[in-house]
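In: When you get a sec, could you give me coordinates for this:
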Amino acid sequence: MKMLPGKRKVSGLTLIELLAIIAVIAILAALLLPAKTGRGRAYGPWCMSNQKQIAIALIMFQDEHGGNYPWQVSTTNNGSLELISNGLASDQFSTLAPYLGKQTRVLICPTDKARQAAASFSTLTNTNISYFLNLDAVTNMNSILSGDRNLEFNWKSIHPGFFVQNTNAPLKWTAGFHGSQDKPFGVFSFADGHAQMVRQENLNRTLQNQPLATNRFCIP
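Out: Just a heads-up that it's a prediction; the model follows:
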């Protein structure tokens, strides 16, 4: 009498493995799905992704230009050194087109309803940008490269152009971008390529950790 071949053993998930998978899915959902706040929806992770891409683009530019950022390189070598004086963030960001895959939407925070993405980098203006650049950034990991434009000084929003940030001058996040009205926050990217959310109570501590005493923020 022939023996029927035994059934192949099917390995199943243990309870711990199943719980771990559920935890990972929950974390991803929390990051990817917008959460309700006091005003609309929070897009902090999206904004972090944008600014991380900007930081990586700046690092890639550095690698191809002797360790210099665009504003330290002449326009004849695809930089923006000669354009600093006009104070336009758009002229600085335009140099990053090849490193951002020519995707202008990366320069727009989804909560910044006053700004919309440009059709192309050739038509880019300040009104197509949600983020500032630090033109005094250095390679120190604590050095800020970019940040949300929703900053205020002396209870007033910072206007487009240069704002000279002094580590002793307290700044605030403007309510209505990220977070609730009473607990706003913003996002910075840093010279080592990472981006992070910075809450109101940690904003000035982060600014005080800058390697230089003053920094020129090019605000769009």
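In: Any stretches of this protein with poor pLDDT?
Out: Residue ranges of the chain with pLDDT under 70: 1-13, 15-42.
In: can you map out the helices along this protein?
Out: Applying DSSP state H to the chain gives helices spanning 15-32, 44-64, 89-94, 200-208.
In: Show me what the longest one is packed against.
Out: So that's helix 44-64. strand 131-134, strand 144-148, strand 178-179, strand 184-190, strand 195-199 (3 or more CB pairs under 8 Å, 6 or more residues apart in numbering; DSSP states H and E). Just so you know, the C-beta spots here come from the backbone N, C-alpha and C atoms, and that holds for glycine as well.
In: One more pass at 10 Å, please.
Out: The criterion is 3 or more CB pairs under 10 Å, 6 or more residues apart in numbering; DSSP states H and E, and the helices and strands that helix 44-64 contacts are helix 15-32, helix 89-94, strand 131-134, strand 144-148, strand 178-179, strand 184-190, strand 195-199.
In: cool, and the third one?
Out: When contacts are defined as 3+ CB pairs under 10 Å, 6+ apart, helix 89-94 sits against helix 44-64, strand 131-134, strand 214-219.
In: Closest to the centroid, which residue in the protein?
Out: Nearest to the centroid of the C-alpha atoms of the chain, with distances taken as CA atoms, centre = their mean, sits Gln51, at 2.1 Å.
In: got a list of what it touches?
Out: If a contact means CB atoms under 10 Å, 6 or more residues apart in numbering, then Gln51 has 106-107, 109, 130-131, 145-148, 186-190, 194-196 as its contacts.
In: I'd like to know which of those residues are buried.
Out: Buried residues within the contacts of Gln51, defined by neighbour count using 16 or more other CB atoms under 10 Å: 106-107, 109, 130-131, 145-148, 186-190, 195.
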